[in-house]
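Q: The following comprises the amino acid sequence and a computationally predicted model.
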Amino acid sequence: MLWFCNRVTAPPRFVGIHCDQRPDAYQLVVLYPDGSEEAERFEDPTELLDAAKKLGKDLSSLGWEPCPTASTVTRRES
């Protein structure tokens, strides 16, 4: 999970990005500040990573930045 924050707004807002790379489910999940989420499936892991990189660049161009204290969280299987 990678978190982006926008400190221009008050209170700060956060967007989370999770890339699920299990062989049967290449999926990009975006968690928005209002609690909603959007998911997109991909056939190929390279397409998933390219989409995640593009999303990061798009967020950056809109004033969002990676949270400096955020750490990568590995999703556990239940």
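A: Structure received. Keep in mind that this is a model prediction, so the values were computed, not measured.

Q: Partner strands of the top strand by length along the chain and their direction?
A: Assignment by DSSP state E gives strand 13-22 as the longest strand of the chain. When pairing is defined by DSSP bridges, strand 13-22 lines up against strand 2-6 (antiparallel), strand 25-31 (antiparallel).

Q: Now tabulate the ones you listed in CSV and tack on distance to residue 67, mean pLDDT and mean neighbour count.
A: Just so you know, the C-beta spots here come from the backbone N, C-alpha and C atoms, and that holds for glycine as well. Converted to CSV, these look like this (distance: least, Cβ to Cβ, whole Å; pLDDT from 0 to 100; neighbours: other Cβ atoms under 10 Å):
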stretch, distance to residue 67, mean pLDDT, mean neighbour count
strand 2-6, 4, 72, 18
strand 25-31, 13, 84, 16
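
Q: returning to that earlier point: report the distance from the longest strand of the chain to the chain centre.
A: Relative to its parent chain, strand 13-22 has a centroid offset of 3 Å by Cα atoms, centre = their mean, to the nearest Å.

Q: Take the strands paired with strand 13-22 and lay them out in CSV including distance to residue 39.
A: Compiled in CSV, these are given as follows (distance: least, Cβ to Cβ, whole Å):
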stretch, distance to residue 39
strand 2-6, 15
strand 25-31, 5
